[in-house]
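In: kindly return the folded structure for what I paste below:
(chains A and B)
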Amino acid sequence: MNKSPRRRIMAAVGLMAGLVFLAGCAKDAPQDTWQPAGPNAEQIDNLQQPVFLVAGIVGIIVFLAVAFVVIRYRDRGQSIPEQTHGKPALEVTLTVIPVLILIGVAIPTAGTIFDLAKTDDTEMVINVTGQQWWWEYDYPSTGANAESYGVVDPIVTSGQLVIPENTKVLLRVTSRDVIHSYWIPKLNGKKDGVPGRVHLLRLEGSKPGIYAGQCTEFCGLSHAYMRMETVVLNRADFDAWVANQLKPYESPAEGTLAAEGESLFIQQCSRCHQVNGLTNADGAPIIAAPEQYMVSGAAPNLTHLMTRNTFAGAAWDLLTPECRDDVWNANTEEFGARYLAGVSAECLNQKDLREWLRNAPEKKPMYADPTKLQATDGKYRGMPALGLTEDQIDALVAYLLERK
Amino acid sequence: MITTSSKLFYGLGAGSLVASIVWFIANDGGSIGSVALLFAAMSLVFLGAIASFTRDGHVLSTDTASHASSGAAQRGVRNSIWPLGTAIAMGFVVVGLISSPGIFKVGIGLLIAMLGEWMIQNWSERGSSDAAYNTKIRDYVVHPLELPVGGALLLAVIVLSFSRIMLSLSHSAGPLVFAVAGAVILAFGTLVGFRRSVSTRVIGAICGVALTALAGVGVATALDGERPELTKAAEEDHFAHRPCGEEEEEADENASQSVSAKSSVQATVILEGGMLYAEVDGFEGAQQSITLQRSNPSTILFINRDAEPHRMVVKYGKVVEDLGGGVERETELEACTSKVEQDGQQAVTLTVPKPSYASEEPFEITVPGVEGTKIDLVVP
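Out: The predicted structure follows:
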C-alpha cells in the first residue's frame, strides 16, 4: 500500500522522536548528568529536576494550546473573524504568571550558583591545564595538599584526575593555548579553561569509581578526542596513590627489552615527554623541552603512565576491554585495589598503544604533518609519526609497561 | 550564433580557463585557486551559451514590426548615477594604489558594487516595454542586497560616530552624555508611540537630522582625537610592564592603569609591613610559595601596601641559546613590574619554559630594597 508523503514524513519524525526518547534509557551512559555522584552535582540535580518539571508543564500547556488553536481555527474557507486589539486583563495575567514562575526558578538558581562558587571550605587544590587535546593535572605541594594529603613534592599527571573520596577539591582551571572546558557531568558543571586566566571549579566524589567527561568547548581538530576521567579513591587508596606517584624512578634491569626501550625513549621521546628521574649517561637529569617542539609548550608527563587507565588525551584505554570492565564495574570495596594495580602486561591494550606509537596522527588528527607547520613556526600540536620500527615499538612498550 | 553579449561571456570564460591553468602551474599544482577559476570559466561559458540561445534577447532583424516595441528598444526608465559612482570608485582604487591598501580595498569593493548596480539597471530597463515592470524586477533583484548592506552601513556610521564621541569625552562627561542621549531617544520614541497620527515624513526628517548631526559630531571628534589619557595609554603600550632594567627612582604613577588581566590571576603578591606574601585562590591564608604550570602564560598581580614605592621582580631561571660555532648566550629570565606607589598594583604575565627543579638557581619573587623576604616559585 502506498503511503502519502505526509504520512511518511510523520512516520519518520515519529521514529526519530522515539529513538531520541529511547536514547534516554541507555544504561551505559557514563556522562549522564541525571546520575550525580557528588554533592556539587547533586545540588545541580536538585535544581534541574523541579526546573525541568516546571518547564515541562509550561511546555505541554503551550503545545496543547497551539495544537488546539491550529486545529480548531484552521482555514476551512470561513470568513476572517472580527479583529480586536487589547485585552488588558489577559495581557497582565499572561505577563504576571511567567514573571512569578521565573522568580520561583531564579531564587533557588541564584542560591545554587553561589553555593557552587564557594571556595573557603576547600580541602585540596589541583591545577588543571588544558591544551590541544589533553588535560594536565598538577598537585601543588603546599598548604593542605602537603600537610593533610602527603603531597610533599608536586605531582604531575594527565588523562585521569585522581581525588580522594568525600573531599572538597578545588580545581584551578586554565589553558595553554585555546579555550577548553572541563566537565565531569556526574561531579559538577562545566568550567572554561581560558589562557591567562584561572577559573575555579569545585569537585567532590562521594563514592569510589571512575567518572568520565569531555571537553565541551570546541577547541580544534581533535576536540572530540579530548576526554578526561576523574577517579575517586577512598582515603587509604588515595594515600597509596600519592605515595606511588612520589616514588623515585627505577631504571629497567640491564640487558632487558625494557632497557632498550629506555635508550630509545631518551633518544626519541624525552625531547617532549618528561619522565621524572630519568638521567643521561653522565647522570644528569633529562629535562624534556616541549616548549621547543609543541605549540602548547607541553606534552604529557609519562613518569607513571601505567598507573593510569588511559592515554592520548584519555581517548583510548590502556586496559583491554575485559580488564577495563573489571575496574569500572568493581564494587566500592574492591575498586581502589583494582585501580591501583595499574596496567599489567596481560591487561595492556597492545593494539591501540602500538597503533599510536606506529603513527599517532593517523589515530588522532593533530596537524602533525611536518611539511605543513609554517603557520606554527615548525611546532606541532600533537605527537608526530616517529617512523618507529616494530622492534623499536616492542622495546618502547616494554619500557612504558614498567612506568608504574 | 555568437551574439554580442555572448562574446563577452565566452571571452571572460576563456580568460578564466587560461588563468586557471596559469594558477595551477604557478602554484605547483595548488588546487583551490585553479578549481575556483575553472568553475568561473564553466559558469561564464554557460551564461554565454544562454545569451547565444536567446540571441541576447533581441528580436530578429527581419521582424521589423517588433523593433519599436522590443525591450532593447526602450529608453532607460531613470537617470543612472552608476557611471558617476563607478568613476568615483575608480578614483578610490587609483588613490589607494599609490597611498594605502585600505583605500584600495574600499575602492575595489565600491567598484564591484557600482558596476553591479549599473549592470542590473541596464538589464532591468530592457526587461520589457513596461517601465513600471522593469523597475519592479530591478528591485526584486537588488533589494535583498541593497537593504541589508545599506542598513549595515547606517549602523556602522552610528556606531563609529558614537564611539568617536565617547572616546573624546572626559571620564565624567561620557556617562552623562550617554544617559542624556538615551533619555532623549526614549522620550522621542514614547512621544511617537503616543501620537500615532504623526507623519512618517516628519519622523524620517527628524531621524535624518539627528543622524547627520551625529555623523558630523563624530567626524569632528575623530579629527580632534581621543581624550589625553587614552592617547598617552596608547603611546605607553597601555602602561604594560617593561623588561627589567635599572630601577627608576620615581614611582610610575600610571602603573596601576595597566590593562593586564587583574582578575582570575594565578596569585596576588602583596608587600605589607616589610613582608612579602601571596594570596592564591583555594589556599587559605598567606602563602610563601606559588606553584605555576610550565609553559603556561601566568599572571601575577603585585600590590604595594608599603609607604615607599617598590617594584616586584620575578626570577625564573635562564635560557641558553646556541649562537653557532660553539658560542652560547645565557639570558637570565626575569619579569618586573614598574615601581608602584603605595596601594598601587600592577600585573606581570610570564611563561616559564623549564621546571624549577632543573635550575641551579631558585625561582623566586623578591622586592628590591626589602631584604629577608621572598616567595618561592615552584614549577613542576
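In: any idea whether B:Leu115 is helix, strand or coil?
Out: helix (DSSP: H, G, I helix; E, B strand; the rest coil).
In: so how far is B:Leu147 from the residue nearest to it when sequence neighbours are not counted?
Out: Distance criterion Cβ to Cβ, 6 or more residues apart in numbering or on different chains; nearest residue to B:Leu115, sequence neighbours excluded, is B:Thr86 at 6.0 Å. C-beta: built from backbone N, CA, C; applies to glycine. Computed as Cβ to Cβ, to the nearest Å, the B:Thr86 to B:Leu147 distance reads 22 Å.
In: between these two, which is the more surrounded one?
Out: B:Thr86 (18 against 11; other Cβ atoms under 10 Å in any protein chain shown).
In: isn't that one up against B:Leu111?
Out: Yes: between B:Thr86 and B:Leu111 there is a contact under Cβ atoms under 8 Å: 6.7 Å.
In: tell me, what's touching the two both at once?
Out: Listed contacts common to B:Thr86 and B:Leu111 are nil; contacts here mean Cβ atoms under 8 Å, 6 or more residues apart in numbering or on different chains.
In: contact partners for A:Pro290?
Out: If you count contacts by Cβ under 8 Å, 6+ apart, A:Pro290 has them with A:Arg271, A:Cys272, A:His273, A:Ser296, A:Gly297, A:Ala298, A:Ala299, B:Ser295.
In: what's the longest helix in the chain?
Out: Chain wasn't specified; assuming chain A. Ordering each helix of chain A by length in residues (DSSP state H) puts helix A:39-72 first.
In: you looked at the wrong chain, it should be chain B
Out: The longest helix of chain B (DSSP H) is helix B:131-168.
In: give me the average confidence score over it.
Out: Helix B:131-168 carries an average pLDDT of 91.
In: could you list the low-pLDDT ranges of the stretch 201-350 of chain B?
Out: B:236-243, B:247-261 (pLDDT under 70).
In: and the residue of it nearest chain A?
Out: B:Ser295 (2.8 Å; Cβ to the nearest Cβ).
In: find the residue closest to A:Gly150 in space, skipping its chain neighbours.
Out: The nearest residue in space to A:Gly150 (Cβ to Cβ, 6+ apart) is A:Val242, at 5.1 Å.
In: for the longest helix of chain A, the distance to its chain's centre please.
Out: How far helix A:39-72 lies from its chain's middle: 29 Å, per Cα atoms, centre = their mean, to the nearest Å.
In: now that helix: mean pLDDT?
Out: Rounded mean pLDDT across helix A:39-72 is 95.
In: show me what it is packed against.
Out: helix A:88-116 (3 or more Cβ pairs under 8 Å, 6 or more residues apart in numbering or on different chains; DSSP states H and E).
In: which strand or helix spans the residue nearest to B:Leu115?
Out: Secondary structure from DSSP states H and E places B:Thr86 in helix B:82-98.
In: which residue ranges form the strands in chain B?
Out: With DSSP state E as the criterion, chain B has strands at B:267-272, B:275-279, B:289-291, B:298-304, B:313-324, B:327-336, B:345-350, B:364-366, B:375-378.
In: and the angle from the longest helix of chain A to helix A:88-116?
Out: 160 degrees (axes from the mean of the first three to the mean of the last three Cα atoms, to 10 degrees).
In: can you list the residues of the stretch 151-300 of chain A near chain B?
Out: A:154-156, A:170, A:172, A:174, A:176, A:194-200, A:274, A:285, A:287, A:290-291, A:296-298 (Cβ under 8 Å from any Cβ of the partner chain).
In: drop anything exposed from those.
Out: For those, a burial check counting by 16 or more other Cβ atoms under 10 Å in any protein chain shown picks out A:154-156, A:170, A:172, A:174, A:176, A:194-200, A:274, A:290-291, A:296-298.
In: now do the buried residues in the longest helix of chain A.
Out: So, applying 16+ other Cβ under 10 Å, buried residues of helix A:39-72: A:Pro39, A:Asn40, A:Ala41, A:Glu42, A:Gln43, A:Ile44, A:Leu47, A:Gln48.
In: likewise for stretch A:108-126?
Out: Quick answer for stretch A:108-126 (16+ other Cβ under 10 Å): A:Thr112, A:Leu116, A:Thr119, A:Thr122, A:Glu123, A:Met124, A:Val125, A:Ile126.
In: do the same with stretch B:310-324
Out: B:His310, B:Arg311, B:Met312, B:Val313, B:Val314, B:Lys315, B:Tyr316, B:Gly317.
In: make a markdown table out of those and add distance to chain A.
Out: Output for those, formatted as a markdown table (distance: Cβ to the nearest Cβ, whole Å):
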| residue | distance to chain A |
| --- | --- |
| B:His310 | 24 |
| B:Arg311 | 21 |
| B:Met312 | 18 |
| B:Val313 | 21 |
| B:Val314 | 16 |
| B:Lys315 | 18 |
| B:Tyr316 | 13 |
| B:Gly317 | 11 |
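In: per the record, what domains does the chain have?
Out: No chain in the question, so chain A it is. A:32-66+A:88-117, A:124-234, A:257-401 (automatic domain parsing).
In: think we crossed wires, I meant chain B
Out: If you go by automatic domain parsing, chain B breaks into B:149-228, B:248-378.
In: out of those domains, nearest to A:Ala314?
Out: With respect to A:Ala314, and counting by Cβ to Cβ, the nearest of the domains of chain B is domain B:248-378 at 18.6 Å.
In: mind listing the helices for the stretch 201-350 of chain A?
Out: Here the stretch 201-350 of chain A has its helices, by DSSP state H, counting those that start in this stretch, at A:235-245, A:257-264, A:290-293, A:321-328, A:332-340, A:350-358.
In: who does the second one touch, helix- and strand-wise?
Out: Packed against helix A:257-264 by the contact rule (3+ Cβ pairs under 8 Å, 6+ apart) you find helix A:390-401.
In: now the helix it packs on and helix A:350-358, what's the angle there?
Out: 110 degrees.
In: same for helix A:390-401, what does it pack against?
Out: Partner elements for helix A:390-401 (3+ Cβ pairs under 8 Å, 6+ apart): helix A:257-264, helix A:350-358.
In: now the ones you listed in CSV, with mean neighbour count and mean pLDDT?
Out: Listed next are the helices and strands packed on helix A:390-401 as CSV, based on neighbours: other Cβ atoms under 10 Å in any protein chain shown; pLDDT from 0 to 100:
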stretch, mean neighbour count, mean pLDDT
helix A:257-264, 19, 96
helix A:350-358, 17, 97
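In: before we move on, back to that, dump the domains of chain B into JSON lines; add distance to A:Thr216 as well.
Out: What follows is the domains of chain B, written out as JSON lines (distance: least, Cβ to Cβ, whole Å):
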{"stretch": "domain B:149-228", "distance to A:Thr216": "33"}
{"stretch": "domain B:248-378", "distance to A:Thr216": "19"}
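In: those domains: which one's closest to A:Arg354?
Out: Of all the domains of chain B, domain B:248-378 comes closest under Cβ to Cβ, at 28.9 Å.
In: for A:Asn276, which non-adjacent residue is spatially closest?
Out: The nearest residue in space to A:Asn276 (Cβ to Cβ, 6+ apart) is A:Thr303, at 4.5 Å.
In: double-check A:Cys347 against A:Asp317; I have them as touching.
Out: No: look at A:Cys347 against A:Asp317 with Cβ under 8 Å: they stay out of range, at 9.8 Å.
In: and those two? Which one has more around it.
Out: A:Asp317 (22 against 19).
In: could you check the pLDDT of the more buried one?
Out: pLDDT, read off for A:Asp317, is 97.
In: how much space between it and chain B?
Out: 26 Å (Cβ to the nearest Cβ, to the nearest Å).
In: bridged to that residue, which residues?
Out: A:Thr310 (DSSP bridges).
In: pretty sure it sits against A:Arg324.
Out: Yes: contact criterion Cβ under 8 Å: A:Asp317 and A:Arg324 qualify, at 5.2 Å.
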